[in-house]
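[1] Would you be able to build a 3D model of this:
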Amino acid sequence: KDDKKEEKKEDKKEEKTEEKKEEKKDDKKEEKKEDKKEEKKDEKKEDKKEEKTEEKKEEKKDDKKEEKKEDKKEEKTEEKKEEKKDEKKEDKKEEKTEEKKEEKKEEKKEDKREDKTEEKRRRRMRRRKIRKKRRLKRKMRRRRMRSCLLYTSPSPRDRQKSRMPSSA
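    Residues are numbered from 1 along each chain as shown. The predicted model follows:
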């Protein structure tokens with residue numbers, strides 16, 4: 001009996017140890033499963049993190065692209081503004097040159113007018129001079145005609161002088 005009991009005990013013990021072993025195995029399996037689950041979770045987390053970082057990177061890239069686009073737009077608008085300014089300056093220059101041309105034309109016209117009036121004045125002066133000369137010539141002719149008489153009647157004052165004219 002004792003042997004049987006002992007055997008039973010031993011069997012029980014063995015069973016218990018086996019059960020324990022099995023439990024341990026099961027525990028290990030569960031642990032492995034849990035570990036795997038945790039690893040999967042960790043992997044998922046990492047994947048999510050990676051995705052987030054990638055998204056952030058993409059967002060940054062997009063932001064940079066947008067900034068570049070905005071910068072380009074700003075540059076274009078600045079260029080347009082500068083072009084407009086340049087055009088305005090050119091227009092002003094053209095206007096100034098046109099004004100100067102007009103002023104020069106007006107000055108030329110005035111100079112021509114002045115020249116014409118000056119020419120007219122000169123002509124008048126020449127005519128006057130010519131008229132004066134003509135008058136003088138006439139006067140001289142008249143005087144010559146008067147002084148050129150061959151015989152003059154003796155005046156009471158000239159009794160002592162000869163009757164011949166001084167020019168003869």
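[2] switch to C-alpha atoms for all contacts and neighbour counts from now on
    OK.
[3] can you map out the helices along the chain?
    Along the chain, the stretches classed as helices by DSSP state H are 2-147.
[4] which sections of it are below the confidence cut-off?
    Residues of the chain meeting the criterion pLDDT under 70: 1, 145-168.
[5] go again using 90 as the cut-off
    Within the chain, the ranges that satisfy pLDDT under 90 run 1-40, 42-43, 46-47, 110-111, 113-116, 137-168.
[6] Tally up the residues packed near Gly35, please.
    Actually, residue 35 is Asp. It isn't Gly. Residues near Asp35, counting by other CA atoms under 10 Å, number 13.
[7] nope, Lys68 is what I meant
    Using other CA under 10 Å: Lys68 sits among 12 other residues.
[8] count of neighbours near Lys16?
    Lys16 has 14 nearby residues by other CA under 10 Å.
[9] Please tell me how far it sits from Lys9.
    10 Å (CA to CA, to the nearest Å).
[10] ditto for Lys32
    For Lys32 relative to Lys9 (CA to CA), the value is 33 Å.
[11] now swap in Lys120 and tell me
    160 Å.
[12] just Lys139 next, same as before
    In this structure, Lys139 and Lys9 are 187 Å apart, going by CA to CA.
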